[in-house]
Structures are given as C-alpha cells and as structure tokens.
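> please work out how this folds:
(chains A, B and C, ligands or ions: 2)
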Amino acid sequence: MNHSQGASINPAVNTTDEVIVSAKGLRVYYGDKEALKGIDFSITKLGVTALIGPSGCGKSTFLRTLNRMNDRIPGFRVTGNLIIEGENPYAKGVDLLELRRKVGMVFQKPNPFPKSIYENIAVGPRAHYGIRGSKLDQVVEEALNAAALWDEVKDDYKRKSGLSLSGGQQQRLCIARMLAVNPDIVLMDEPCSALDPISTGRIEELIVSLSQTKTVVIVTHNLQQAERVSSHTAFFMFGELVEAAPTEELFANPQRDATRDYVSGRFG
Amino acid sequence: MRRFIDPLMGTAVRISGVTVLLVVGALLFYLVGEARNAFNQTFAYGHRVAAQASPLPSNYDLQLDPNASILSATPEGTEGLDEKEESLPPPSVFSLIDSPAGTAALLDGKEPGPETQVVLQDWQTTRRAEAGSTFRFFVFGSPQLQGDKMTLVWGPDGGFLPEYVPHKLRLRLVRAPSGITAPTVDIDLRKEPTGSLELPAFVAQTDEDIQKGYLFEITATPTTNSFWATLGGLLKTSWDPTSSYARYGAVPLFVATLIITLLSLLIAAPLGITAAVFISELAPQKLKEWLKPFIELLASVPTVVLAYFGITFVGPAFLEIVGRLGLAPAFGAESSRSLITVALVMGILLIPTIASVSEDALTNIPQSLRDGGDALGLTKFETLWKVLLPAAKSGLIGATLLGMARAIGETMVVWLLSGGTVRMPTLAEPLTNLGKPTKAVSDTIAIDIQNVSFGSVHYGHLFILATLLFIVTLVVNLTGYRIAKKAQWTH
Amino acid sequence: MDALTSLGNHNELLTKRDSKRSLWSGVGVAAIGLVTLFVIAIILFLIGTIILRGAPSVNLGFLSQPPLENMTAGGIWPQIRGTLLLIGGTFLIALPIGILGGIFLAEYAGSSRLIGLVRGLITSLAGTPSIIYALFGLAVFVLILKLNISVIAGWLTLATMALPVIVLSTEQALKAVPNSQIEAGYALGMTRWQVMSKVALPQAMPGIITGIILASGRAAGEAPPIIITAGIYFRTEKEMGFLELIRGATESLPLHITEGLR
Ligand SMILES: Nc1ncnc2c1ncn2[C@@H]1O[C@H](COP(=O)(O)OP(=O)(O)O)[C@@H](O)[C@H]1O
Ligand SMILES: [Mg+2]
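Residues are numbered from 1 along each chain as shown, chains lettered A, B, ... in the order given. Ligands and ions are numbered 1, 2, ... in the order given. Coordinates of the predicted model:
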C-alpha cells in the first residue's frame, strides 16, 4: 500500500504541508449535552486520516460537523473555530451547496436512491454543474470507473436499480455518486461496518487510491483497517481528541496511556 | 378455574372466528346470489302498424293513429289475450269512420279461419329471451278508400328501442289478397324500425272481407338465451328500468362513476400528496403533530354533511362563477346538482385518505436517503423531487388507488348531488357533461332499491351492479394495499 | 487515479448557479406550503360553514324535542335517539365477535392459504362501500329473514359492516405484539388464553381501540345502510315499548339530513 502520498496530519510532525481542515477549540452540543469538548485538530491535504475511539466518543459528530450534516438535528450547536479550505463553514452567508460540493460523504449503511445506477450518479452533476447528454454519460462512466464498479455494471447500469446491487456494490455506488460531484474532501463514517470481508477489502483499496487526489477522513472501529489504509490516525475519547499522529507511530508508540490501552485492545 | 377458562375462551374465540367466516361467506353468497333474479328478465318489444290511404298526409303520426294495431310483448300482460280482450268482437269495417283503411291483428301466429279472433286492440304477452313469437295482422281498406293505392306504416311502440331485445325482428308479407300481385316484403325491423310501404289497394266491403285482405306477420326470432341477453343488455347505453320496455344498459352509470372518480382524483391527489409532503418533509415537529390529525378530522365528517356542504355552497358557487364568466352554456350548467358538483365535493372527501396514506409512505422513507441528498449538496426541493418522491412513488400510487376505491363506492355525495338523471356523456362537447345532472352506479343502487319489489328483475339488476361495484373496489383496494406495502423499507 | 477529468471547476459560475438553485428550491417549498395552506383553508371553511349555519339552531330544546309542524320546527331528539340506539346495538353485536374473531385470525387460525385468502378478503371488506352492505342487509335481514325495515335489521347490517374493521384492527394490533413476549408468557406456564388476556391484549389495546373508533365512525356516518335497512323519516306513534321500538323502523340523523336535502 502506498502511504507516501499521504501528508502528515499533525502540524507538530510536519508543518510544511497545506492544511485543509483546521479546528480550534471546536465544541459541539446536542441540547445540553456537550458531544465535542474543544477539539484542536488539523488535517492536511491528501492522504487518509482515520478517526478511532470507543463508540459514543464523538467521531461521527466531528465528521458530520465538517459538512454540516448535523444542522437538521434539533438542539445542535457549534462553537469554536473551524476552517475548511480557507472558509468557516458555519459563517453567515456560507453557500451550503458549495460546501457539500467540496466535502463529500459516504455513510455507514449504503444508501443508494431507489433509481437506476445511472440516475443515482447523474443526480449530483446534473444539479451542480447542469451538464446533460453525452457529457453526463461520460461523467457517470468516469465516476463508476473511479469507484471500481464500472466493469461489474457496464452492461445494464442505465436500467438496473441501485437497490438491486449487493451491499459492497451499493457502497461503491454511493462512493461513485459522491465522486461524480468531484469533492476535494471525502468523509466516510464506518463505510465498511455493514459489509463482508471481501467487499471491505475492495473498499479499502478504493480508499487508498482515492487518497492520491482527495483528502479522505474515515471513521473506523476496526483498528486493523485504520492501520491498513490510513496515513494518520486520531484517537478520540469522551468527546476529546486524545492523540493524533502518523498511523505507524500511533500504533507502535502511543504517547498517552488511554491510547495505548485502546490500540492494544484493552477496551473499546 | 384456570382449567375451565382456557378451553371456554378457546371455544368462544373459535366460534367468533367461524362466525366471521360465515358472515364473509354470506355476504358474497347473497350479493352474487340475489343477482340471479336479473336473469329472469323477459324482453318486452312492440310495434305499431297501421294502414292508411296513399299518399300519407304529411302530418301523419303513427303514435297518434287510433286505428293502429299494437303488436307488443310487454311484461304487463300475460301469455296471449286478456279475458276481456278475448271477448272483444272483431272490428267492423264500418266503425273505421275517420279512417280510409285499417289493420286488424290476429291471435299469435295462427292461420286465419272461421273461428279466428281478430282484434284491433293491442295484445300483450311476456317473452323470455329464448321464446320467439309471431304476430299476424290483416291490412285492408274501408269502403271510404279512394284511389288504387294504400300505405302500410310501421314503427316501434312508444319507448321501445329494437336494439334492446335479443331478437331478430322481421316484417313479412304472408299472403296478398287474391287477384292482387304484390311484391315480396321481408324487412329487418332492427335496421329499419320505422317505415312505410305502398301496396295496391284492397277494399273490404264487409267485415268478413277483412280476412281476405293482406296478411302480414312480424316475427321475433331469438338470437341468444336469457343469460347472455341479460348480460348483453347491461352493456347498452340506456338505463330505464321503469319503462314498459324496461332497459338495463348500465354503461352510462359506470361512465358517470368513472368520470366522477377521475375528476375527483385529479383534485384530491395533487392536493393530498402536496399536503402530505408538507407535513412529512417541511413542517416543524410542532406543526406536524397538529396538522396531521387536523386533516384526518375531515375524514370523520359524515358524508351526508359533506353533501350538505355541496348543496349549500359548492354547487351554487360553481353556478355563480361560470355564470359570471359567461361560461354557463359551455358547461351546460343549469342546476347546482351536477356531475361537477359531485366531483368537487368528492375531491374534498378524498383529500384526507390520500394525504394520510401518502404521509405514511413519505415518513416511511429511511432518513438515510434524505442524508444522501443533503450530503450530495442537493437543495431541499431537489432532494424532494429527485429522491424522496421517486422513493415514495409506490406509496403515493397506493394512496391514490385507495382514494379511488373510496370514490367509486361513495354513495351519499353522489345520491344527493348528482341530480339523479341518467345521462350518457357526449363526446361532442365534453365540457357540457360537467354542468349537467347525472346518475352513477352507487346512487342508482341506493335510490332504486327503495322502490323495487323483492325478487324482481330490476331488483336482480341492482345486485348485479352491486356485485360489479364490489369486485371493482375489491381489486382497486387490494392493488392499492399491495402497492403501498411495497414501499415498506427495511430500515 | 485521475478522478473525473471531464468536470471543470469554475467556482465563480457555480456560486451564481447555487444561488439560483436555492431560489428555485425556496419557490418550490413555498408553493408546497401554499397548496397546504389552501387545503387547510378548505377544511376550515367547510367545518366553519357547517358550524356557523348549524350552531344558531342548536340548543337544549332542539336536542330534546321531536320535529314539529311538518319538520319545519321543533328538534331532532328522535333522530338522535335512533342513531344512538342503532350504534349501541351494533356494537353489542359486533364488538365481542369482532375482537374474538380478530384473536382467532391472529393466534388460532394458523397461516393456511385459505386463511390468507380470508385475511385479504377481510382487508378489502373493511374498505368495501357501505351501499353494498346496505343491499346485503336489505336482501338477507329485511327480506329473507323477514325482519322488515327495522332497528334489528339495521343492527345486523351495521354489525356486518363494522365487523371487518374490528377484526382487522384487532388482528393487526395483536400481530404487532413482539413474539418474544408471547413466548415469555408461555415459558412462565401460562395457558393460551392467559397469554392472550394478560400479555397480548393489554399491549394491543390502543390498536384495537383505534379500530373501534374507526368502526363507529363508519357505523354512524355511513348513511345508506341505515336509510335502507332501518330508516324512516318520521313516525306517528309517540310512545312505545322497547320491543316495538326495535321491531320497527327508526328515525336517524343520516336519514333526516338526507330527506332534508332531497
Ligand atoms: N442526534 C443526537 N442527539 C443527541 N445526542 C447525540 C446525537 N447524536 C449523537 N449524540 C451523542 O453524542 C455523543 C457522540 O456521538 P457520536 O458522534 O455518534 O459517537 P461515535 O460516532 O463516536 O460513536 C454520544 O454520546 C451520543 O449519545
Ligand atoms: Mg458513529
């Protein structure tokens, strides 16, 4: 696996790389409950950053705060500083559509729309870029290729429903759907937890190859998976960022006791 | 104690279960079973014939000619002649004072002879579809007849439409008076129900001479049996069970039901589905909790009350509006009881059904699809239009079908607002159908059943209508449920 | 991997597009809101019209007197009494049979093809037009059983109509009780009926009550069966015993309104 492309995440380790996501004192509340308790964390361009930690520690919350997927939740509040590609996504007058165009997301459970494979992918570029006809066909084909799904569906992707695919294929369809909008940052919230090992392997390959052109942030419960795919790993606990470091370092030589206990499988 | 209760309640449960099954069975059995009465239908038919001097006066009206013979088979009479009629003497040629010519009808199909009873009066008999018959009649001139020609005129008896009986009807010349050469006459009365025919004059100087005149016959030959004839009769376009030539063509009733159903769906489906989208996708939680029961409240308004609203407001309002716009003639609008009033009120009536089922279908869509749309950067409306509505499609179709079943069977609104006049919609000026009164299947059943005798043919026909209505609503309902169920997601 | 070379990234243009899309979305959402407002207005207007027209004449006298002077004055007490009488008797018949029948279908009948068919039939009978029940009641109860147009015939007809609704909602409510709880009941050594009455029925109660409300709305609100099997516009006899009352036809609200509108 190619980790060399991934730039290091922790500014303390490598400050030369361009920071694409930067959080300072980021706090998130659901009503009275503080789900993120002041996160200071930067993510640099390209590569894969894995977020690990026991469940309920706020990994998903952090991820969904980045593309404002939590806005709909009643009682949701953010304070602190967050900058994505030079802009604060929570600033007044922000173009939410643009944010979502820049920051794509793949969910834990594949959620293809109940439409044909083609239509699933075409929806995004049609809405954002207004393209149609053969240009659109081309984008759809490229997206399917990028998600390594083209060869499996090329015969009937215009007719076949996205829902008729297998779980792993559905997840790759969702990745293709996201890629068709051409985001810079890709958020993945436990994208393999609903899949079998073979499908998981294919998605992992895909994640690594994506990380050459996109910044990937992935939440995973599977420590081996974090080791396999990520260049950097961040360990969360109780709504706080405990430790973030290049993956090999974090697993081989954790600085904090909690991290050591977690990566050695003592809890979580 | 425990030991007794369990088998006791078990038995009670089973008895109730069987009772439910029996009720369902009885419902089907009697609904279909009572329809059998319709197949006792006898088919009434009748022609008027009259002889006149040639040429016919231009204002001649066969229906008003007192000397015309009515050869008719109607359910009112019995087989053959009434006793009273049988005792009637043959007419005297000299009694035909005002008429230069006459016809005299003869007992059912028999050859004339010395004993023959000849009557001028109509005679009545009732026929099953399989039973044909022959009516014979003489045609003669009275001593007043001038000229060497006379004319035979024929036409259906008032209210009789030849295409409604399962018979071939023919008019034939059996025998010409001796010494006169007449052409062969063999006319298909279904193709040529009214007509006239010029004949060389024959004058009866005495009453006995009548039987030496022209002898014609009208024959009715069955084309099918009562079963098929009754079913075929339903496919015709005139419903008039109380006429002496009763007609049970149910097509206009079903067409009216169809138009009312489609129009009301055209109103209710967009409104109901849009309201459902608002409640499910756009309304804040508080409003949602208040709005859904509010719309369902409409479903609990008794339909008689909706009909009241139709009569006091919707009908008059429609008349007023088209009147102001000068469109009243275009809509054929004369009364506030009309097809459009029914459709408008029915549209209101269907809104809660469609909205409620649609709302369920939308709420049932997994949250992950909304998240998917959001994450792709689609706007609220794009997510709605391109993701959620297609995802809820089967649920929405199911909702519309359930509304449709409701509209097909709804009775009170149609009964009180339709105006109760059977009317076959015209294709020529389609808009005029809307403003005119009509009569549909459900209200025909409700109104007619109160005025029929038990076991009559009319009674049986109402059960045929009910059975058809039952089958249609059953199919539409089950399809609706099934399609709506398909939308159920595995969350 | 070179992702999607065919998409350019003209951010300036895109931002303009975004605001246009947001505008359209706003327009669409507003349109949906307006249509919903229209629906609400129709319902408010309808209910308002009926209440405003009706309210002035409703008082204690109106509710407690019979109609007078050829139906042009007086009240509607006999109609109210008749309607209540019809609904009461209907439920006395339909409730026990319907609920026990629902239990039968849910827990005793098994799942043979025939029962599946019956289930489908009952589902659609719950949505079958009331005029069909009216016709059935007329043929079977009024004519064949010779009960004449009477309260008894009305009871039986309305009970036939209410039955599928009650059976169906009881069955569905029972089916919704988690199987694990039923099994837990049996595991405690309860008899079948005890499991039913102590575990399943209490949980299914809300669903069953919803069904009863639906059925009563149908029984009271659907005019054709009442008019055709039990209805009379007015009666001349003033006082009569209970037996006479139920053997004869009765005044009722649906018929009263219908006659008023004809
Ligand atoms: N919609 C919500 N409303 C209220 N609390 C929530 C919501 N979503 C998550 N939480 C709470 O926030 C905390 C972090 O949750 P989450 O980010 O989902 O954790 P993780 O993904 O690490 O398992 C948890 O304690 C959880 O209970
Ligand atoms: Mg999570």
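> for the closest residue to chain B within the stretch 151-268 of chain A, give me its contacts.
Going by CB to the nearest CB, chain B is nearest to A:Val181 of the stretch 151-268 of chain A, at 6.2 Å. C-beta here means a position set from N, CA and C on the backbone, and glycine is covered the same way. Applying CB atoms under 8 Å, 6 or more residues apart in numbering or on different chains, we find A:Val181 in contact with A:Arg100, A:Arg101, A:Gly104, A:Gly124, A:Pro125, A:His128, B:Leu376, B:Gly377.
> burial of the closest residue to it other than its chain neighbours, as a residue count?
For A:Val181, ignoring the flanking residues on the chain, the nearest one in space by CB to CB, 6 or more residues apart in numbering or on different chains is A:Gly124 at 4.1 Å. A:Gly124 has 30 neighbouring residues, counting by other CB atoms under 10 Å in any protein chain shown.
> B:Ser238 too?
17.
> now it, what are its backbone angles?
Dihedral pair for B:Ser238: phi -130, psi 130, per degrees, to the nearest 10.
> ligand 1 versus that one, what's the distance?
67 Å (CB to the nearest ligand atom, to the nearest Å).
> residues in contact with that residue?
With CB under 8 Å, 6+ apart, B:Ser238 has these contacts: B:Leu161, B:Tyr164, B:Arg247, B:Gly249, B:Pro252, B:Val422, B:Met424.
> specify the local secondary structure of C:Val142.
Using DSSP: H, G, I helix; E, B strand; the rest coil, the structure places C:Val142 in helix.
> could you pull out the helices for the stretch 151-268 of chain A?
A:167-179, A:197-210, A:223-229, A:247-252, A:257-263 (DSSP state H, counting those that start in this stretch).
> ah, wrong one, I meant the stretch 101-250 of chain C
C:113-125, C:130-137, C:151-175, C:179-187, C:192-194, C:201-221, C:223-230, C:242-247.
> go through these and name the closest to B:Lys436.
Closest to B:Lys436 of those, according to CB to CB: helix C:130-137, at 23.1 Å.
> and the angle from the closest one to helix C:151-175?
120 degrees (axes from the mean of the first three to the mean of the last three CA atoms, to 10 degrees).
> what comes into contact with helix C:130-137?
Against helix C:130-137 from outside (CB under 8 Å, 6+ apart): B:26-27, B:30-31, B:34, B:409, B:411, B:442, B:445-446, B:449, B:462-463, B:466, B:469-470, C:153-154, C:156-158, C:160-161, C:218, C:222-225, C:227-229.
> return a PyMOL selection command for the buried portion of those residues.
If you want just the buried ones from those in PyMOL, going by 16 or more other CB atoms under 10 Å in any protein chain shown, the selection is:
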select buried, (chain B and resi 27+30+31+34+409+411+442+445+446+449+462+463+466+469+470) or (chain C and resi 153+154+156+157+158+160+161+218+222+223+224+225+227+228+229)
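> chain center to stretch B:297-316: distance?
Taking CA atoms, centre = their mean, to the nearest Å, one finds stretch B:297-316 lying 26 Å from the centre of the chain it belongs to.
> neighbours around the residue of the stretch 101-250 of chain C found nearest chain B, how many?
Across the stretch 101-250 of chain C, no residue is closer to chain B than C:Pro129, which sits at 2.4 Å (CB to the nearest CB). Other residues within reach of C:Pro129, judged by other CB under 10 Å, total 26.
> spatially, what comes nearest to it if we skip its sequence neighbours?
In space, C:Pro129 is closest to B:Gly409, 2.4 Å off (CB to CB, 6+ apart).
> so where is chain C shaky, pLDDT-wise?
C:1-13, C:60-61, C:68-73, C:234-239 (pLDDT under 70).
> domain boundaries for it, per the record?
Listed domain ranges for chain C are C:2-57, C:76-261 (source: automatic domain parsing).
> residues in contact with the residue in the stretch 1-150 of chain B positioned nearest to chain C?
Nearest residue of the stretch 1-150 of chain B to chain C: B:Gly17, at 2.9 Å (CB to the nearest CB). Applying CB under 8 Å, 6+ apart to B:Gly17 gives the contacts C:Leu100, C:Gly101, C:Phe104, C:Leu105, C:Tyr108, C:Ala109.
> residue 247: neighbour count?
No chain specified, so I'll use chain A. A:Thr247 has 25 nearby residues by other CB under 10 Å.
> my question was about chain B, not that one.
22.
> pretty sure it sits against B:Thr237.
No. Judged on CB atoms under 8 Å, B:Arg247 makes no contact with B:Thr237 at a distance of 9.1 Å.
> would you check how far apart the residue of the stretch 151-268 of chain A closest to chain B and ligand 1 are?
When A:Val181 is compared with ligand 1 (using CB to the nearest ligand atom), they lie 24 Å apart.
> nearest residue to the residue nearest the centre of chain C in space, please, no chain neighbours.
By CA atoms, centre = their mean, chain C has its centre lying nearest to C:Leu214, at 3.0 Å. Leaving aside its sequence neighbours, C:Leu214 sits nearest to C:Val165 (CB to CB, 6+ apart; 5.4 Å).
> dump the residue contacts of that neighbour.
C:Gly98, C:Ala126, C:Gly211, C:Leu214, C:Ala215, C:Arg218.
> go on, B:Gly249?
B:Tyr164, B:Gly233, B:Leu234, B:Leu235, B:Lys236, B:Thr237, B:Ser238, B:Trp239.
> so what's the closest residue to the fifth one other than its chain neighbours scoring on pLDDT?
Leaving out its chain neighbours, the residue that sits closest to B:Lys236 by CB to CB, 6+ apart is B:Gly249, at 3.1 Å. B:Gly249 is assigned a predicted lDDT (pLDDT) of 91.
> would you mind listing what in chain A touches chain C?
A:95, A:97-98, A:101, A:125, A:127-130, A:135, A:138-139, A:142-143, A:146, A:179-180, A:182, A:209-210, A:212-214 (CB under 8 Å from any CB of the partner chain).
> A:Pro191 against A:Gln171, yeah?
Yes. A:Pro191 lies in contact with A:Gln171 (CB under 8 Å); the separation is 6.1 Å.
> quickly find the element holding the residue in chain C that ligand 1 sits nearest to.
Closest residue of chain C to ligand 1, CB to the nearest ligand atom: C:Val29 (23.7 Å). Per DSSP states H and E: C:Val29 is located in helix C:11-54.
> off-centre distance for that helix?
That offset, for helix C:11-54, works out to 31 Å (CA atoms, centre = their mean).
> just stretch B:449-463 next, same as before
On CA atoms, centre = their mean, the centre of stretch B:449-463 falls 14 Å from the chain's centre.
> quick check: end-to-end length of that stretch?
9 Å (CA to CA, to the nearest Å).
> how about it: buried residues?
Buried residues in stretch B:449-463 (16+ other CB under 10 Å): B:Ile449, B:Val452, B:Ser456, B:Val457, B:His458, B:Tyr459, B:Gly460, B:His461, B:Leu462, B:Phe463.
> for those residues, name the two members farthest from one another.
Across the buried residues of stretch B:449-463 (CB to CB), the longest gap, 13.6 Å, separates B:Ile449 and B:Val457.
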